[in-house]
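Asker: Structure, please.
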Amino acid sequence: MDDIKGVILCGTSKKGLISITDGNPPLCISLKDNYTILDKQVFEFKCAGVEEIIIIAGSDCASSLKNYIGKYEGISITIDEEKDSVGSVGALLRGLNLADTDLIVRNADVVTDINMKRFIADSQQSTYPATIYVTKLPSPYGIVELQNDKVIGFQEKPILQEHINAGIYYFKRDVQIPKIYAKGKIENTIFPEFAKRRMLGFYEEDVFWRAIKTAIDLEIVQKEYQDKTDKAWGYEKLLVHTDKYMTKELFLREGFQTSFHHHDEKDETMYIQSGRGYVKLEDDTIYFSKNDRVRIKPKTPHSIVALENTVIFEVSTPFLNDTIRINDFYPRDTE
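Answerer: Next up, the predicted model:
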C-alpha cells in the first residue's frame, strides 16, 4: 500500500520488564524461540499490505533496533530516534511529518490477533480523521460473585464488558492536530479533544489482546504462544499430538482463507466452535456455521474460507507435515 505507512511507537524500555529483558525494548521481547514482538508486528503489517514501517524510538531503544534497519521480512524499516522525550503525541507528529501518508500507528508492547487488513479498510472508509481499535477489558484479577451475604462463585479473570483503548490507531494524512498539543500522551490530550469534537471513530474486535507492561503480562503472552503459529489468515495452535491422532485450534480472520491444498495421508474432521464460512473443493462448496462438522479425506484439495471470524477445532490422523499447497493466496512466507 503506497498510500499508508506503519508506525511503531517504542519510546523507552519498560521499567517493569527490565529485569527479565536485560533492558531491551518491548519490540525485542521474545514470544517464543526466534519470534519477537517486532516479528509479529511486522508480520501483521505485511499480511495487511503495508510495505513501509517507521519505528519511532527513544534513545535507549534505538540502539537495540539498529539491526532491523533496511529490509526486514521484505518490509522497509527505518528507525527515527527521539532525542528528547515528547511522548506519543510528539511521536505521532513526527510520524505524520516523515510519512506524508495515512498512518496506522501501534504501541510497541501490544500483542493481538486483530484483523489488520479489515481495520485499515474500515478506517479508510470512515468519515472520521482518526480511528482507534477498542476491545473488551480482560480482568487482571479473578472475580468474586456475591449474593446477599454469601459468596456464590468465582470467575477466573473473565472478559469484562467495559471497552479499552487497545493501542492501535489510524490517522488520515490530513488529520488536524491542535497546535496546543506538541507532546504528552495521546490518551489524555488528542483523543479527549477529538472525542469532544466528535472526530474519533472506533473499530471493535474481540480477539486475543494483551499489552505487555509487567512480567505477568509477558507470562500470559508467552503461554499463548507455546504452540501457536501466526498465519496470514489467522493462526493455528497444536493442542495434542500423539502417535495416533492430532488436534489443532485454527483461527481464521473474516475475509481470509487458507491456501488451496491437500494432504496425502492426513484425514481430518473440523468442528466449528464459532463463526461461519465454507470449504471450497475442486467441484463443490461446503458451507458451515457454529457446531457444524466437516470431514476432509486424504488427497482432497480444499481451502477454508472465513465469512466472519471463525474458530475451528481440527481432529486428524497424526501427520504433522503433510500439506501440499496447490495455490497460495498470500506470500508463501506468511502461510
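
Asker: Next, the distance between the ends of stretch 94-107.
Answerer: 15 Å (CA to CA, to the nearest Å).

Asker: Which positions in it come out as buried?
Answerer: In terms of neighbour count (16 or more other CB atoms under 10 Å), stretch 94-107 has its buried residues at 94, 95, 96, 99, 101, 102, 103, 104, 105, 106, 107. To be clear about C-beta, it is placed using only N, CA and C from the backbone, and glycine gets the same treatment.

Asker: can you check stretch 292-311 too?
Answerer: 294, 296, 301, 302, 303, 304, 305, 306, 309, 310, 311.

Asker: Check stretch 186-196 too.
Answerer: Within stretch 186-196, the residues scored as buried using 16+ other CB under 10 Å are 186, 189, 190, 191, 194.

Asker: Please list the outside residues in contact with it.
Answerer: By CB atoms under 8 Å, 6 or more residues apart in numbering, the surrounding residues in contact with stretch 186-196 are 87-89, 92, 129-130, 132, 165, 169, 177-178, 181, 200.

Asker: re the thing from before, tell me which of the buried residues of stretch 186-196 is nearest to residue 149?
Answerer: Within those, distances to residue 149 taken as CB to CB reach their minimum at residue 191, with 42.3 Å.

Asker: Wasn't that closest one part of a strand?
Answerer: No - per DSSP: H, G, I helix; E, B strand; the rest coil, residue 191 lies outside any strand segment and is helix.

Asker: how near is it to residue 30?
Answerer: Separation of residue 191 from residue 30 (CB to CB, to the nearest Å): 31 Å.

Asker: next one: residue 118
Answerer: Taking CB to CB, one finds residue 118 at 28 Å from residue 30.

Asker: count of residues packed around residue 233?
Answerer: Neighbour count for residue 233, taken as other CB atoms under 10 Å: 26.

Asker: returning to that earlier point: report the two of the contacts of stretch 186-196 separated the most.
Answerer: Longest distance between any two of these is 20.1 Å, between 87 and 129; criterion CB to CB.

Asker: Which residues are in contact with the closest residue to residue 29 other than its chain neighbours?
Answerer: Spatial nearest neighbour of residue 29, chain neighbours left out: residue 37 (5.2 Å); criterion: CB to CB, 6 or more residues apart in numbering. Residues near residue 37 by CB under 8 Å, 6+ apart: 26, 27, 28, 29, 31, 108, 109, 111, 212.

Asker: Closest one of the contacts of stretch 186-196 to residue 232?
Answerer: Of these, the one sitting nearest to residue 232 (CB to CB) turns out to be residue 169, at 22.6 Å.

Asker: and the closest one, what element?
Answerer: Using DSSP states H and E, residue 169 falls within strand 159-171.

Asker: Next, the buried residues of that strand.
Answerer: 165, 166, 167, 168, 169, 170, 171.

Asker: average model confidence for that strand?
Answerer: Mean per-residue pLDDT for strand 159-171: 91.

Asker: wait, doesn't residue 305 sit right on residue 278?
Answerer: Yes - using CB atoms under 8 Å, residue 305 is in contact with residue 278, at 5.3 Å.

Asker: which residues of the stretch 51-200 of the chain fall in helices?
Answerer: Remark: helices assigned in the stretch 51-200 of the chain by DSSP state H, counting those that start in this stretch are 59-62, 87-99, 116-125, 190-196.
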